[in-house]
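Colleague: attaching a predicted model along with its sequence, questions to come.
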Amino acid sequence: MKQNEERLPLIGMGLKELQDVAFRGGMPRFVGRQLAEWIYSKGATDFDQMVNISKKNKEWLSANYVIGREAPASVVKSSDGTVKYLFKVGHGNAVESVYIPDHDRATLCVSSQAGCKMNCYFCATGKLGFKANLTAAQIINQILSIPPVPKPGQTPMNPLTNVVFMGMGEPLDNLPEVLKVIEILTSPWGLAWSPKRITVSTVGKLPQLKELLDRTKVHVAVSVHTADTAQRESMMPAQKAFPISAVMRVLSGYDFSGQRRLSLEYIMWRGVNDDVAHADMLVRLIGNLECRVNLIRFHAIPGVDLRPASEERMIMFRNYLNSNGITATIRASRGEDIEAACGMLAAGQPRAKRPGENPNKK
């Protein structure tokens, strides 16, 4: 029998890979489909639960593979019902995912990388630097292995209705593994979700954004945060390689007027990007593109000398966009008291101050 660390996990594998596993074990390929059903549809955590697979075949599977489900290392619950999970992902790395209950919706914000290469000035994850890309197994484990956490007066936790790739990391920087997870989530042999239940968030990494749009029907959220290109480059180094104007040109080639939705994320900082001039620049950047703008309150992190915009400025900004025919909403802040809100995920690591002054004050 192989040692535990040498046995590959089955979660994260697609149907063909599972069929290949069965073939290598001398089993008919249809056993691969049975494995997919047990792992994804029925949530099996042990080979002994797979009653329609022979004892001999289960022994071979157990000797060579693990199912791969791993419980979170820690769980922290916010006063608003948001729950943050810490998952160990090997080699001393860890990631966080966030469960957000909201009436009849239950959304899980999943991580795709340990750390991040994008180094956005205002993001705690970026302060960690890049550690590793997660495997499909490590990504989908976050979805399959969250324990039931009931809302007040409810038990058990509502089933997940949505998954957003908005946790730690840039999803399009790990696109092959993210695509594998999307396939598992949406395929009939997997979880059979509608792609409308999935959103992928990105700084606008090209050409991976185009590949995602061509190969899937999931929703897309693009982190804009300012339409001032010089300001955006100083706060988001990805702007230099992937100018937001180029990203918008790519997006304009797709139809977002139907079921697929495009969101533009816009964190608002006091005295930086919260005035009418910035609202007008955003209107001109969007043009006729069908989209929704999510205005997000900034959540302070150590070493970053930015402050959240006032509620009055956020309302003014929203109303200006609405008056120009752009749907804009102010996103409710969730989980700030447990460092689970937008831009705060850091896998429990100390967050170092970025050298130098903030170049974005005006």
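Modeller: Cool, got the structure.

Colleague: so for stretch 17-28, mean pLDDT?
Modeller: In this model, stretch 17-28 carries a mean pLDDT of 97.

Colleague: off-centre distance for it?
Modeller: Here stretch 17-28 is found 31 Å from its chain centre; the criterion is C-alpha atoms, centre = their mean, to the nearest Å.

Colleague: same deal with stretch 67-84?
Modeller: With C-alpha atoms, centre = their mean, you get 15 Å for stretch 67-84.

Colleague: for it, measure first residue to last.
Modeller: 24 Å (C-alpha to C-alpha, to the nearest Å).

Colleague: that stretch: which residues count as buried?
Modeller: 67-70, 72, 76, 78, 80-84 (16 or more other C-beta atoms under 10 Å). Yep, even glycine has a C-beta here, placed from its N, CA and C like the rest.

Colleague: return the helix or strand in the chain with minimum mean pLDDT.
Modeller: In the chain, the helix or strand scored least confidently by mean pLDDT, DSSP states H and E is helix 124-127, which has a mean of 87.

Colleague: how about that one as PDB, C-alpha atoms only?
Modeller: Taking Å, rounded to 0.1, in the frame of the first residue of the first chain, the C-alpha atoms of helix 124-127 are listed here in PDB:
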ATOM      1  CA  ALA A 124      -4.100  41.900   2.300                       C
ATOM      2  CA  THR A 125      -3.600  38.800   0.100                       C
ATOM      3  CA  GLY A 126      -1.300  40.700  -2.200                       C
ATOM      4  CA  LYS A 127       0.900  41.600   0.800                       C
END
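
Colleague: show me what it is packed up against.
Modeller: Contact partners of helix 124-127 among helices and strands, from 3 or more C-beta pairs under 8 Å, 6 or more residues apart in numbering; DSSP states H and E: none.

Colleague: ok, then the element right after it?
Modeller: The helix or strand immediately downstream of helix 124-127 is strand 130-133, counting by DSSP states H and E.

Colleague: buried ones in stretch 318-328, by neighbour count?
Modeller: 318, 320-321, 326, 328.

Colleague: cool, stretch 327-338 as well?
Modeller: Going by 16+ other C-beta under 10 Å, stretch 327-338 has these buried residues: 328, 330-331, 334-336, 338.

Colleague: try stretch 53-66
Modeller: 53, 57-58, 60-62, 65-66.

Colleague: residue closest to the middle of this protein?
Modeller: residue 165 (1.5 Å; C-alpha atoms, centre = their mean).

Colleague: mind checking how far the residue nearest to it when sequence neighbours are not counted is from residue 71?
Modeller: Nearest residue to residue 165 in three dimensions, chain neighbours excluded: residue 171, at 4.2 Å (C-beta to C-beta, 6 or more residues apart in numbering). For residue 171, the distance to residue 71 equals 24 Å [C-beta to C-beta, to the nearest Å].

Colleague: ok, now residue 319?
Modeller: 46 Å.

Colleague: same question for residue 60.
Modeller: In terms of C-beta to C-beta, residue 60 sits 26 Å off from residue 71.

Colleague: low pLDDT regions in this structure?
Modeller: By pLDDT under 70, the low-scoring segments of the chain are 1-5, 148-158, 340-341, 343-345, 347-362.

Colleague: just so I have it, where are all the helices in it?
Modeller: 15-24, 30-36, 55-64, 124-127, 136-144, 175-186, 208-215, 229-235, 238-241, 244-251, 276-286, 311-323 (DSSP state H).

Colleague: can you list the buried residues in the first one?
Modeller: By neighbour count on 16+ other C-beta under 10 Å, the buried set for helix 15-24 is 15, 17-19, 21-22.

Colleague: C-alpha coordinates for it, PDB please?
Modeller: What follows is helix 15-24, C-alpha atoms only, in PDB (Å, rounded to 0.1, in the frame of the first residue of the first chain):
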ATOM      1  CA  LEU A  15     -14.900  12.200 -15.600                       C
ATOM      2  CA  LYS A  16     -12.200  11.000 -18.100                       C
ATOM      3  CA  GLU A  17      -9.600  11.100 -15.300                       C
ATOM      4  CA  LEU A  18     -11.800   9.000 -13.100                       C
ATOM      5  CA  GLN A  19     -12.400   6.600 -15.900                       C
ATOM      6  CA  ASP A  20      -8.700   6.300 -16.400                       C
ATOM      7  CA  VAL A  21      -8.300   5.500 -12.700                       C
ATOM      8  CA  ALA A  22     -10.800   2.700 -13.100                       C
ATOM      9  CA  PHE A  23      -9.000   1.400 -16.200                       C
ATOM     10  CA  ARG A  24      -5.700   1.300 -14.400                       C
END
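
Colleague: and that helix, what does it pack onto?
Modeller: Against helix 15-24 (3+ C-beta pairs under 8 Å, 6+ apart) you get helix 30-36.

Colleague: dump the helix it packs on to CSV, keeping only the CA atoms.
Modeller: What follows is helix 30-36, C-alpha atoms only, in CSV (Å, rounded to 0.1, in the frame of the first residue of the first chain):
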residue,chain,number,x,y,z
PHE,A,30,-18.2,2.8,-16.2
VAL,A,31,-16.8,2.6,-12.6
GLY,A,32,-15.3,6.0,-13.3
ARG,A,33,-18.8,7.4,-13.6
GLN,A,34,-19.8,5.6,-10.4
LEU,A,35,-16.8,7.2,-8.7
ALA,A,36,-17.9,10.6,-9.9
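
Colleague: can you redo the buried residues of stretch 327-338 as JSON lines with distance to residue 108?
Modeller: Formatted as JSON lines, those follow (distance: C-beta to C-beta, whole Å):
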{"residue": "328", "distance to residue 108": "25"}
{"residue": "330", "distance to residue 108": "22"}
{"residue": "331", "distance to residue 108": "17"}
{"residue": "334", "distance to residue 108": "13"}
{"residue": "335", "distance to residue 108": "12"}
{"residue": "336", "distance to residue 108": "18"}
{"residue": "338", "distance to residue 108": "15"}
